[in-house]
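1. My questions are about this predicted structure, shown below with the sequence.
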Amino acid sequence: TKKSLDHQCSHRFSENVALAIAECLPELEELNISLMNCCDDRALQTLTLRCPNMKTLFIGAQGSNVTDDGFQHLSVENGSNTFVSRWPNMNALSVFGLRFLSDDGVNNIAHSLSTLRYLDLEACHKVTNESLRVIARECKHLEHLLVGGLNIGDDAIINLAVERKDTLKTLDISECTNLTDRAVTAVAQNCGENLQSIDLSFVHQLTDVAIRSLAEHCPNL
């Protein structure tokens, strides 16, 4: 049974398309729809309910209408007011450029998909520092985090560096124009040799202090 689908075409990713994929590929684990048009909440919810083995999902910004509501059904109540993930084996999620995604949606993602090792939130401009704090606390296996272009501050990155110092390998904070040497120095000092890649493009407030700290503490960059 086919477990991976790279559906790179310009067609609309509707609820009916999601249902057809789920029916044809009941064991689906990996789905890339990053170039498809007009994915919406109902399509995403259909995938959540019908594809329980999902491990990798890439959703693109191309005409996407996914909102926080699309992520409401990532977990299900399991009695005694406890919840379990519908995607307990999820490793990688990209929601690049989802213009309607806010902290509420990221909160659901972080709590329901705590197994994530890769998370791409680049250009999700409604996402704030609060999301970074929740991700740092809940996603205990996180290795790769992309938050380029977000309106986030030093304290959120410092907290992330402290909480995920033993797991974080890749960090993209490009175009996070509020960040200063404080944030990058904290990443360098806490993540150290675990850190393999950091994207600082267009973080204009950085000085040689940040670069020297990375050079001193992160030999695997």
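-> That came through, no problem.
2. quick one: secondary structure of the residue nearest the centre of the chain?
-> Per C-alpha atoms, centre = their mean, the C-alpha nearest to the average position across the chain is that of Leu119, at 2.5 Å. Using DSSP: H, G, I helix; E, B strand; the rest coil, the structure places Leu119 in strand.
3. which ones are touching it?
-> Residues touching Leu119, when contacts are defined by C-beta atoms under 8 Å, 6 or more residues apart in numbering, comprise Ala92, Leu93, Ser94, Ile109, Ile135, Cys139, Leu142, His144, Leu145, Leu146. Bear in mind the C-beta positions are built from the backbone N, C-alpha and C, glycine included.
4. what do you get for Val147?
-> Contacts of Val147 by C-beta under 8 Å, 6+ apart are Leu121, Glu122, Val127, Leu132, Leu171, Asp172, Ile173, Cys176.
5. In CSV, list those along with pLDDT.
-> Written out in CSV, the entries for the contacts of Val147 read as follows (pLDDT from 0 to 100):
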residue, pLDDT
Leu121, 97
Glu122, 96
Val127, 97
Leu132, 98
Leu171, 98
Asp172, 98
Ile173, 98
Cys176, 98
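6. The residues you listed: which two are farthest apart?
-> Among the contacts of Val147, the pair separated by the greatest distance (C-beta to C-beta) is Val127 and Leu171, at 15.4 Å.
7. quick one on the thing from earlier: restricted to strands, list the contacts of Leu119.
-> Here DSSP state E is the test, and those give Ala92, Leu93, Ser94, His144, Leu145, Leu146 as lying in strands.
8. Counting neighbours, which of the residues you listed comes out on top?
-> Neighbours here mean other C-beta atoms under 10 Å. Within those, the largest count is held by Leu145, at 26 neighbours.
9. so how far is Leu35 from that residue?
-> Computed with C-beta to C-beta, to the nearest Å, the distance linking Leu145 and Leu35 is 23 Å.
10. the helices in this protein, which residues?
-> Taking DSSP state H as the criterion, the chain contains helices spanning 15-24, 41-50, 103-112, 129-138, 154-163, 181-191, 208-217.
11. What residues of stretch 209-221 count as buried?
-> Going by neighbour count (16 or more other C-beta atoms under 10 Å), the buried part of stretch 209-221 is Ala210, Ser213, Leu214, His217, Cys218.
12. what do you get for stretch 138-152?
-> Glu138, Cys139, Leu142, Glu143, His144, Leu145, Leu146, Val147, Gly148, Gly149, Leu150, Ile152.
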